[in-house]
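Trainee: predicted model follows, preceded by the sequence.
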Amino acid sequence: MSSVRQLKYSEALREAADVCLERDPKVYMLGLGVPDPIGVFGTTAGLREKHGANRVFDMPIAENAMTGIALGSCLVGMRPVMTHMRLEFSMTAMDQICNQAAKWHYMFGGQSAVPLTMRMIIGRGWGQGPQHSQSLHAWFAHIPGLKVVMPTTPYDAKGMLITAIEDNNPVVFLEHRWLYNIHGPVPEGHYTVPFTPRLANEGKDATIVSLSYATLDAIKALRELEKDGIKCDLIDLRAIAPLDDTLILESVARTGRLIVVDQGTLTAGFSAEIIARVSEKAFAHLKAPPIRVALPDCPTPTTRALSNFYYPTPGHIVAAVRKSMGLSYEEDPFTNIDPADKTMDVPDKEFTGPF
Amino acid sequence: MSADVRLKLFRDMLLVRRAEEIIRELYSEGDMRCPTHFSIGQEAVSAGVCANLEQRDYVISAHRSHAHYINKNGDLRSMFAELYGKEDGCASGKGGSMHLIDLDVNFLGCVPIVGSTIPIGVGAAFGAKLQNNDAVTAIFFGDGATESGVFHESLNFAAMHQLRVLFICENNLYSVNTPLEERQPKDRAIIDLAKSHGMPALQYDGQEVENVYISAAEMIANIRSGDGPGFLEYATYRWLEHCGPNEDLQLGYRPDGEYEYWLSRCPIHLHKELLMKEGLLSEQSYKQYITEIDTRVFDAVTFAKQSPFPARETLFRYLYADAS
């Protein structure tokens, strides 16, 4: 590991953009704050200075039109990368994303392509509250024609952003803000990572399926479980639309147990889709009912006195795996949490990688 | 204006009119199964504007788009095949009347979400600018679209970047069956919205095709030379129901005399009278035009009817574009 260069997730994203701007003159970047001194938490910093103001620029507060404008530029050959500092700002652009970008290739008989990458950042903690913290990946995955990806590691962040920008389809590229400071090995230069799930850990006792930041919680849970000799497959989905379920079905065939860890809310969430697929295609392999670990069906509260009891913890994943295995488990993993605890609404500084 | 241009404008309008009249006649057969919005009564705007555009210029439109497609020289056979849901349709049957496209003539597409194609057209112009291409993008929309937020967002951006965009508002007074006065303030003109976004905006009668042609010519020349976007509003009128081939006078939402007034201002009739008065057109040459046009339209109808339906296996085709 020491021989390979380590980068933070945010630095990996910046490098992917840099590589793509360098390689293809059709690529351009736009979004609120993209060229500003902070550069979207560092992910676009310095790109304007390097690639020019006509390739990296800011935009009016007009997400719906700007998405349409980016789409329109695709029709004449451009490859825009649009950034939303919080996913929620993209919600004013649902017409352009869902009615237009997602369907344009299909509804016009394959004549025009929309190589539009839409980066969206999912917030959490420090009082992000109801409108700065939603992980609405399941929404986007429900719209045929969109690709929806959510890398967890710095390696995947760079490789998948390059894949997204080089893809000829609209890609919703979801980045969890709490991943920005984790680090891991990231090769220099150009490489791509496919939009398919990866096996992040191997174990015979249960299959844990997770995505994005939830994968970090799952890795913590794995460490706890291993203390008791429990070993699990961990599948980091990476791409949820289109979903390649091969790895999941193979894993469940081996383990017979399925726990899906989602960072979205429970009802009609993406965890349900995973369980439905396994139930339809691998029901005979299941030794126990599948379990969802997801956010409760309520908006994100701002005060940590409530948000500390809102986000599932690694303890919830441990409890779910043990329950699935018929072992004793903690009924309420929140039991000993202090409402005033300040460590739960910021990323864990002791757990930053390498991943 | 040359006699050739004046006659071309007439034929361009007549082609749209006859194509749509023939669609009206055939629609009741029940084989063109898609919501269809007719342009009958509004042909002068489309013909007058499009006659000023070059093939490399872009056009994008909305739900009432047949006229724009035809006048941008979109392929007639592909259009009719699309209306019939056939494999040879311009969108392989996946779009229908509300999703016409012909990239051979840079007709970028049209969609029925009101206002939606305004930013997409601006984006085409923006992309053209990024590529140092001086093509003009003409965006057709109705009065209703000017009420949408995305309209203002788009004008703001087009003006800021001084894009080569012509915004064309066909004000036909109604959004579905809702009159303008129930949707917009009485003493505020639509062109004032565009002016406040910092672009020239002019309002004209939209029934006299030569006036449309001349007004559009001047603005398009300015836009192409790099003066920034421009906005034209044309007063016009929809004769038929909002969607479908029928008249709808029985609904009673049009004030007394309004329909008759606009019928008397039929763009084809007005231009025909003018051309005949000036000796450029005779009843005989008019009939000759009709014959030629009808031959073209019925050829397209025959082509469409004979075209196969798309195969079941194509259901998922074009869900995603191939990897680059």
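Mentor: Received it, and whenever you're ready, just let me know what you need. All figures in this text were calculated on a predicted structure; none of them were measured in a lab.

Trainee: element containing the one residue in the stretch 1-150 of chain B that gets nearest to chain A?
Mentor: For the stretch 1-150 of chain B and chain A, the shortest gap (C-beta to the nearest C-beta) falls at B:Gly123, measuring 2.1 Å. All C-beta spots, glycine's among them, are computed from the backbone N, C-alpha and C. B:Gly123 is located in helix B:117-130, with elements delineated by DSSP states H and E.

Trainee: list the buried residues in that helix.
Mentor: Buried positions in helix B:117-130, judged by neighbour count with 16 or more other C-beta atoms under 10 Å in any protein chain shown: B:117-130.

Trainee: which residues touch the helix or strand that it is followed by?
Mentor: Downstream of helix B:117-130, the next assigned helix or strand under DSSP H and E is strand B:137-142. For strand B:137-142, the surrounding residues in contact (C-beta atoms under 8 Å, 6 or more residues apart in numbering or on different chains) are B:45-46, B:49-50, B:53, B:57-62, B:64-65, B:68, B:114-115, B:117-118, B:121-122, B:124-125, B:128, B:151, B:163-172, B:175, B:220.

Trainee: residue ranges for the helices of the chain, please.
Mentor: Just so you know, I chose chain A. A:9-23, A:47-51, A:63-75, A:94, A:102-107, A:137-141, A:154-166, A:213-227, A:246-255, A:270-282, A:304-307, A:314-324 (DSSP state H).

Trainee: let's do chain B instead
Mentor: B:3-27, B:43-50, B:66-71, B:76-83, B:117-130, B:149-160, B:190-196, B:209-224, B:258-264, B:267-277, B:283-306.

Trainee: reformat the ones you listed as TSV; add mean pLDDT.
Mentor: Formatted as TSV, those follow (pLDDT from 0 to 100):
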stretch	mean pLDDT
helix B:3-27	98
helix B:43-50	98
helix B:66-71	98
helix B:76-83	98
helix B:117-130	98
helix B:149-160	98
helix B:190-196	98
helix B:209-224	98
helix B:258-264	97
helix B:267-277	98
helix B:283-306	98
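
Trainee: neighbours around the residue of the stretch 51-200 of chain A at minimum distance from chain B, how many?
Mentor: Nearest residue of the stretch 51-200 of chain A to chain B (C-beta to the nearest C-beta) works out as A:Gly72 at 2.1 Å. Neighbour count of A:Gly72, defined by other C-beta atoms under 10 Å in any protein chain shown: 34.

Trainee: for it, which non-adjacent residue is spatially closest?
Mentor: Spatially, and ignoring its direct neighbours in sequence, A:Gly72 is nearest to B:Gly123 (2.1 Å; C-beta to C-beta, 6 or more residues apart in numbering or on different chains).

Trainee: now do the contacts for that neighbour.
Mentor: Residues near B:Gly123 by C-beta under 8 Å, 6+ apart: A:Gly68, A:Ile69, A:Ala70, A:Leu71, A:Gly72, A:Ser73, A:Cys74, A:Leu75.

Trainee: what's the spacing between the closest residue to the second one other than its chain neighbours and B:Cys50?
Mentor: By that I understand A:Ile69. In space, not counting the residues next to it along the chain, A:Ile69 is nearest to B:Gly123; the distance is 3.7 Å by C-beta to C-beta, 6+ apart. As for B:Gly123, its distance to B:Cys50 is 21 Å (criterion: C-beta to C-beta, to the nearest Å).

Trainee: cool, B:Met160 as well?
Mentor: 27 Å.

Trainee: ok, B:Arg312 - how many residues close by?
Mentor: 6.

Trainee: flag every residue of the stretch 151-300 of chain B that's near chain A.
Mentor: Residues of the stretch 151-300 of chain B found near chain A (C-beta under 8 Å from any C-beta of the partner chain) are B:Glu153, B:Ser154, B:Asn156, B:Phe157, B:Met160.

Trainee: ok, so of those, who is nearest chain A?
Mentor: Using C-beta to the nearest C-beta, B:Glu153 comes nearest to chain A of those, at 3.2 Å.

Trainee: was I right to think A:Val27 contacts A:Ile165?
Mentor: Yes. Counting by C-beta atoms under 8 Å, A:Val27 touches A:Ile165, with 6.0 Å between them.

Trainee: joint contacts of those two?
Mentor: The contact lists of A:Val27 and A:Ile165 share A:Cys20, A:Arg79, A:Val81, where a contact means C-beta under 8 Å, 6+ apart.

Trainee: which one of these is nearest A:Pro354?
Mentor: A:Pro354 lies nearest to A:Cys20 out of those, by C-beta to C-beta, at 24.5 Å.

Trainee: quick one, what contacts residue 251?
Mentor: Picked chain A for this. For A:Ser251, the contact set (C-beta under 8 Å, 6+ apart) comprises A:Leu199, A:Thr207, A:Asp233, A:Ile235.

Trainee: correction: the question concerned chain B.
Mentor: Contacts of B:Leu251 (C-beta under 8 Å, 6+ apart): B:Asn177, B:Glu241.

Trainee: next, work out how far apart the residue nearest to A:Ile69 and B:Met32 are.
Mentor: Distance check for B:Gly123 against B:Met32: by C-beta to C-beta, it reads 31 Å.

Trainee: what of A:Gly77?
Mentor: 34 Å.

Trainee: try B:Gly48
Mentor: 28 Å.

Trainee: what about those two, which has more around it?
Mentor: Per other C-beta under 10 Å, whichever of B:Gly48 and B:Met32 has more neighbours is B:Gly48, with 30 against 20.

Trainee: okay, now the residue nearest to B:Ala217 when sequence neighbours are not counted: neighbour count?
Mentor: In this structure, B:Ala217 finds its nearest non-sequential neighbour in B:Asn52, 4.9 Å apart by C-beta to C-beta, 6+ apart. When neighbours are counted by other C-beta under 10 Å, B:Asn52 registers 22.

Trainee: state the phi and psi torsions of B:Asn52.
Mentor: The phi/psi pair for B:Asn52 (degrees, to the nearest 10) reads phi -90, psi -10.

Trainee: what sits against it?
Mentor: Contact partners of B:Asn52, counting by C-beta under 8 Å, 6+ apart, are B:Tyr213, B:Ala216, B:Ala217, B:Ile220.

Trainee: nearest residue to A:Leu116 other than its sequence neighbours?
Mentor: Computed as C-beta to C-beta, 6+ apart, the closest residue to A:Leu116 that is not its neighbour in sequence is A:Pro170, at 4.6 Å.

Trainee: list the contacts of that neighbour.
Mentor: Neighbouring residues of A:Pro170 by C-beta under 8 Å, 6+ apart: A:Leu71, A:Ile97, A:Ala101, A:Ala102, A:Val114, A:Pro115, A:Leu116, A:Thr117, A:Met118, A:Gly145, A:Leu146, A:Lys147.

Trainee: good, wrapping up.
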